[in-house]
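A.B. asks: Here's a sequence, model it:
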Amino acid sequence: MAPLIRSTPHRAATAAIWILAAGVFVATRAAIVQIPLERDEGEYAYIAQRLLAGETPYLDQFNQKPPGVFAFYAAAMALGGSTVAALHVLLAIVTGLTAVMTGLCLARLGHARGAPWAALAMTVMSASPRLLGPSANTEHFANLGVSALALACVQFRLRGGRPALIVAGGAAAAACLCKQVALLPVCAILALMLGTGGRARADEGRARAGESAVEFRTRLTQLSALGWTMLGAAVIVTPVIVFFVARGAWSAFVDAVLLHNLDYIRRNSWSEAALALGRAAGRQWPCLAPAGILAVPAVLSGRKDESGATRIAAMWLAAAGVAAAISFNFYDHYSIFLLPPLSMLAGLGVARVTSATRNQAGLRVGAALGAVLALAVAPAYADRSFWRAASAEDRARILYGQNLVVEGRRIGEYLRRESAAGDRVLILGSEPQILYYAGLRSATRYTIMYPLFGPYADAGRRQGEVIASIESAPPDWILDVQVWSSRTPHAGRSLDLERKVGALVLDERRYRLVGVAIPREREQRYDLRFGEELSLLGDRAVRAASGGVLIYRRVASVQGGGKRVESDGESGLSGDE
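C.D. replies: So this is what the prediction gives:
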């Protein structure tokens, strides 16, 4: 194995790139820490909020993601408060650790010159708006676990020892508890790292002993390593299983995390997948292409890499690609799975190029500057409108378009001000960030409506569950979200829930319109109208809010000092803006 860094100039150059990566990290994370939550972040934040209040995920809130991300969010809220900044500081810590571990994997394998380049690539790409990097999605948390697994496996390969295997198993389990498909890169890394070590020891042994005896010892060693790895995984997984079984939520967990996801990955055809992949590639190439191009020298010279780093990164990248593609959806944030191994290959590629010019200082400096331009400057320039935006809200509009991200926070704050203790909210749409900002409970366990309106065989059953909930306990607030992306309604869906909610809000004896969000498509925003501003619209309010949001409140007398709409028709509501 090559020495880590051979000379003082090389140490200085390596240190300079690490410092550059740290500076880019601080600058990019400071710019995104206050961006409002989008709907995926909103559902994780709401579930974490309710978890801290004593409720049980899946039993009280349906969600198809494993529980790891809820634990991360709950920890951030417990330590930093229930704020957007606390959640995005958590995201910064997770992506920062992932970038460092990506670099350390290379350094431990004898490629210290490539390590800071890998960290720089990871730092830039993981914050890219083209991958929805500023959003604290599950892929970021899964990458943390997979990167920790890779580093632990490298440690085991170099030094051996059971602790490294136990850590590897725990990291693997943590990754899968954040995203189910993380199982694919987890298995690839474990098979490659443990299997390669076994084969190498067998090759050495065959020169000294009979082949069958060596093969037996090799298999025994691999089984022992696998056993210790499984022990580490059990340390993480067992308490999770015990928690949900004890809470009576195991069947709800299986239904959401396993069974519904099997339906989810079968919903798109090959032709739809091809179109989705093409659209994703068109959006994402300015972010991914520079690292991909710099990875080429590493791949071409991979056979000369005795450390195995190139092979590890390539296998990891292939498995991550399958994980990102398995649902045939190709949502932008799915590509975040590719970033650690792609960053490793890019770091190896830069190290290869700069090493080839080691006797020509001018060429070496030029190659390094070119790598900085490719990995850091070019992606930032491609997204210059995002990074130059004057505020976090402006960045949110660029990032999420006309979704209820900025206005969702304002609607939630309005509900928080005007609601009474114990009020419950039905959102006919997928905007759980509103519940999080409002600090109110959902009237149903479905805070994301896609399972109810999508092409799923059990969608009608799930709608019936919601209808039963609102009939037994009528919600205090109803938000009719008519934004298409909030429902993505399937043409053959059941209309029972929409008809039920429509009948409720049309009954003026039970519900009264108290607010609207009027879409302004050109500006990619919504105008909010409450109280007197709403009354000025008169009968035009519902028509004006078509494609936006209609906010209804249940008519009731004031009970126990709480604020409610009076039954004589006086709303007593004040404007929000």
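
A.B. asks: Excluding chain neighbours, what is closest to A309?
C.D. replies: Among residues not flanking A309 along the chain, L109 sits closest, at 4.3 Å (CB to CB, 6 or more residues apart in numbering). To be clear about C-beta, it is placed using only N, CA and C from the backbone, and glycine gets the same treatment.

A.B. asks: Stretch 418-430: end-to-end distance?
C.D. replies: Stretch 418-430 stretches 22 Å from its first residue to its last (CA to CA, to the nearest Å).

A.B. asks: Repeat that for stretch 351-364.
C.D. replies: End-to-end distance for stretch 351-364: 10 Å, by CA to CA.

A.B. asks: What of stretch 536-556?
C.D. replies: Distance between the two ends of stretch 536-556: 24 Å, counting by CA to CA.

A.B. asks: before we move on, the earlier item: which residues touch the residue nearest to A309?
C.D. replies: Shown in contact with L109 (CB atoms under 8 Å, 6 or more residues apart in numbering): 1, 154, 307-309, 312.

A.B. asks: Columns secondary structure and neighbour count on top of those, output as JSON lines?
C.D. replies: Below are the contacts of L109 laid out as JSON lines (DSSP: H, G, I helix; E, B strand; the rest coil; neighbours: other CB atoms under 10 Å):
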{"residue": "M1", "secondary structure": "coil", "neighbour count": "10"}
{"residue": "V154", "secondary structure": "helix", "neighbour count": "25"}
{"residue": "S307", "secondary structure": "coil", "neighbour count": "18"}
{"residue": "G308", "secondary structure": "coil", "neighbour count": "19"}
{"residue": "A309", "secondary structure": "helix", "neighbour count": "26"}
{"residue": "I312", "secondary structure": "helix", "neighbour count": "26"}
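
A.B. asks: Relative to Q64, which of those residues is nearest.
C.D. replies: I312 (30.6 Å; CB to CB).

A.B. asks: Excluding covalently adjacent residues, which one is nearest to that closest one?
C.D. replies: With sequence-adjacent residues excluded and distances taken as CB to CB, 6+ apart, I312 is closest to L192, at 6.0 Å.

A.B. asks: tell me the domain ranges of this protein?
C.D. replies: As given by automatic domain parsing, the domain ranges for the chain are 26-252+267-386, 401-554.

A.B. asks: Wasn't L497 part of a helix?
C.D. replies: Yes. Using DSSP: H, G, I helix; E, B strand; the rest coil, the assignment for L497 is a helix.

A.B. asks: roughly how far apart are the closest residue to it other than its chain neighbours and A443?
C.D. replies: Sequence neighbours aside, Q463 is the residue nearest to L497 in space, at 4.3 Å (criterion: CB to CB, 6+ apart). Distance of Q463 to A443, computed by CB to CB, to the nearest Å: 14 Å.

A.B. asks: related to what we said a few turns ago, any chance of the contacts of L109 in CSV, with distance to P474 too?
C.D. replies: Listed next are these as CSV, based on distance: CB to CB, whole Å:
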residue, distance to P474
M1, 69
V154, 58
S307, 65
G308, 63
A309, 61
I312, 57
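
A.B. asks: okay if I get those as CSV plus pLDDT and distance to C176?
C.D. replies: Output for the contacts of L109, formatted as CSV (pLDDT from 0 to 100; distance: CB to CB, whole Å):
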residue, pLDDT, distance to C176
M1, 44, 31
V154, 92, 20
S307, 86, 27
G308, 87, 24
A309, 92, 24
I312, 93, 19
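
A.B. asks: nearest to V237, of those residues?
C.D. replies: Nearest to V237 out of the contacts of L109 is V154 (CB to CB; 23.2 Å).

A.B. asks: what sits against that closest one?
C.D. replies: V154 touches 105, 108-109, 193, counting by CB under 8 Å, 6+ apart.

A.B. asks: Much appreciated, bye for now.
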